[in-house]
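K.L.:
Only the shape, not the letters, is given here:
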């Protein structure tokens with residue numbers, strides 16, 4: 001089996017070299033980019049499965065790079081920053097990052113985060129072997145295209161949004177806790193703050209409204225969410 005492809009976008013050469021060495025020792029195929037522009041170019045040709053993305057790049061904001069990657073690439077994105085404020089974490093995750101890690105961090109933690117992404121990738125591949133669509137009244141979720149459709153209206157979902165909506169839809173009418181959602185949708189990334197679920201639910205509500213799907217995402221304060229058909 002070919003080694004998983006990891007792209008490190010980091011302008012600090014010492015940090016980038018350390019990340020590369022640690023990941024290569026774990027058997028991954030690693031490439032590096034020192035700027036946002038170079039990172040986007042490499043992502044296009046290398047097609048990484050995981051991107052380690054620093055927020056503070058010299059040319060383009062890492063947040064802008066994150067947005068571009070999430071719109072054009074299926075890679076998991078691990079954002080790296082020296083800031084640990086919750087609003088910074090939620091901003092990065094809201095733009096399409098799958099997880100967030102703050103400096104300084106150990107090589108073991110980095111490898112564990114990457115391994116978690118790849119386990120999620122394998123689970124998603126297994127799920128794709130099942131049904132390709134899920135019908136919710138007049139609305140339809142399409143796994144092949146990551147879309148939510150209703151009577152000719154279509155909203156394209158990010159991989160994470162789609163996985164979240166599918167999980168909620170399969171449990172239609174049943175309350176799911178944030179912990180259950182994080183465990184299933186984000187796999188076992190215990191470092192992800194529970195409020196990130198709220199960020200993605202808000203994004204899903206907008207897309208449900210865009211296509212006028214007869215669905216309602218209800219929240220139970222302090223517990224979690226439930227999807228109902230109207």
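P.N.:
Perfect, thanks for sending it. Since the model is a prediction, treat every value here as computed from it, not as a measurement.
K.L.:
Show me the chain divided up by domain.
P.N.:
5-127, 131-229 (automatic domain parsing).
K.L.:
where exactly do the strands run in the chain?
P.N.:
Secondary structure of the chain (DSSP state E): strands at 5-9, 29-33, 50-54, 76-81, 99-102, 133-136, 139-142, 147-150, 153-156, 176-177, 215-220, 224-229.
K.L.:
What mean pLDDT does the second one get?
P.N.:
Put plainly, it is strand 29-33. Here strand 29-33 scores 97 as its mean pLDDT.
K.L.:
List the buried residues of it.
P.N.:
For strand 29-33, the neighbour count (16 or more other CB atoms under 10 Å) marks 30-33 as buried. Using the backbone N, CA and C atoms, a C-beta is placed for each residue, glycine as well.
K.L.:
what's it packed up against?
P.N.:
Other helices and strands packing on strand 29-33, by 3 or more CB pairs under 8 Å, 6 or more residues apart in numbering; DSSP states H and E, are strand 5-9, helix 13-25, helix 36-46.
K.L.:
how big is the angle separating the longest helix seen in the chain from strand 76-81?
P.N.:
Across the chain, the longest stretch assigned as helix under DSSP state H is helix 107-128. Between helix 107-128 and strand 76-81, the angle comes out at 150 degrees (axes from the mean of the first three to the mean of the last three CA atoms, to 10 degrees).
K.L.:
pLDDT averaged over helix 107-128 - what is it?
P.N.:
If you average the pLDDT over helix 107-128, you get 77.
K.L.:
same deal with stretch 134-148?
P.N.:
86.
K.L.:
what comes up buried for that stretch?
P.N.:
134, 136, 139-143, 146-148.
K.L.:
and those residues, which two are the farthest apart?
P.N.:
136 and 146 (15.3 Å; CB to CB).
K.L.:
Now do the same contact list for the residue positioned nearest the centre of the chain.
P.N.:
Geometric centre of the chain, nearest residue: residue 98, 3.1 Å, by CA atoms, centre = their mean. Shown in contact with residue 98 (CB atoms under 8 Å, 6 or more residues apart in numbering): 76-78, 117, 160, 186, 189.
K.L.:
which of those residues has the most neighbours?
P.N.:
Highest neighbour count within the contacts of residue 98, by other CB atoms under 10 Å: residue 77, with 27 neighbours.
K.L.:
The residue lying closest to it once chain neighbours are set aside: how many residues sit nearby?
P.N.:
Using CB to CB, 6 or more residues apart in numbering and skipping the chain neighbours, the partner closest in space to residue 77 is residue 97 (4.5 Å). Neighbour count for residue 97, taken as other CB under 10 Å: 26.
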